[in-house]
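**Student:** What would the 3D arrangement of this be:
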Amino acid sequence: MDFLVMLGFIIAVNWFCLTLVWLTSLKIKDVGIVDIYWGIGFVIMAWACFLFNLQDNTSAISQSQWLINIMVTIWGVRLTFHLAARNLG
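**Tutor:** Now for the predicted structure:
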């Protein structure tokens, strides 16, 4: 797997998600929702990278990769809920 291809894929995924968040912020006239995306954005990027690695048949997914993704998911979801509670009231 080429690192630059994976990096481009992750950037494209994040760009798409941030564009959706930005369009939503324009519609509701509240840019504070970008803060809410911050935590879940790491989760999306981590799982996008993980799924990209699954497409590569030459390398097996290790237990440490699963563990890191699960830990990033727990942290990102917690951060998202925390920021949502602060920003939304």
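**Student:** contacts for the helix or strand of the chain at the bottom of the mean pLDDT ranking?
**Tutor:** Counting by mean pLDDT, DSSP states H and E, the chain has its least confident helix or strand at helix 33-54, which shows a mean of 90. In this structure, residues lying in contact with helix 33-54 by C-beta atoms under 8 Å, 6 or more residues apart in numbering are 1, 6, 9-10, 13-14, 17-18, 21-22, 24-25, 59, 61, 65, 68-69, 72-73, 75-80, 82-84, 87-88. C-beta here means a position set from N, CA and C on the backbone, and glycine is covered the same way.
**Student:** Just the ones in helices from those, please.
**Tutor:** Within those, residues falling in helices by DSSP state H are 6, 9-10, 13-14, 17-18, 21-22, 24-25, 65, 68-69, 72-73, 75-80, 82-84, 87-88.
**Student:** what's the helix or strand for residue 31?
**Tutor:** Using DSSP states H and E, residue 31 falls within no helix or strand.
**Student:** That one: neighbouring residues, count only.
**Tutor:** Using other C-beta atoms under 10 Å, residue 31 has 11 neighbouring residues.
**Student:** I'd assumed residue 24 was in contact with it.
**Tutor:** No: look at residue 31 against residue 24 with C-beta atoms under 8 Å: they stay out of range, at 10.1 Å.
**Student:** Give me the buried stretch members for stretch 4-24, please.
**Tutor:** Buried residues in stretch 4-24, counting neighbours by 16 or more other C-beta atoms under 10 Å, are found at 6, 9-10, 13-14, 17, 21.
**Student:** Please identify which pair of those residues lies farthest apart.
**Tutor:** The most widely separated members of the buried residues of stretch 4-24 are 6 and 21, with 22.7 Å between them, by C-beta to C-beta.
**Student:** where are the low-confidence patches of the chain?
**Tutor:** Within the chain, the stretches with pLDDT under 70 are 1, 57-59.
**Student:** can you tell me how far the most centrally placed residue in it sits from residue 7?
**Tutor:** Central residue of the chain (C-alpha atoms, centre = their mean): residue 44, 2.3 Å from the mean position. Counting by C-beta to C-beta, to the nearest Å, the separation of residue 44 from residue 7 is 15 Å.
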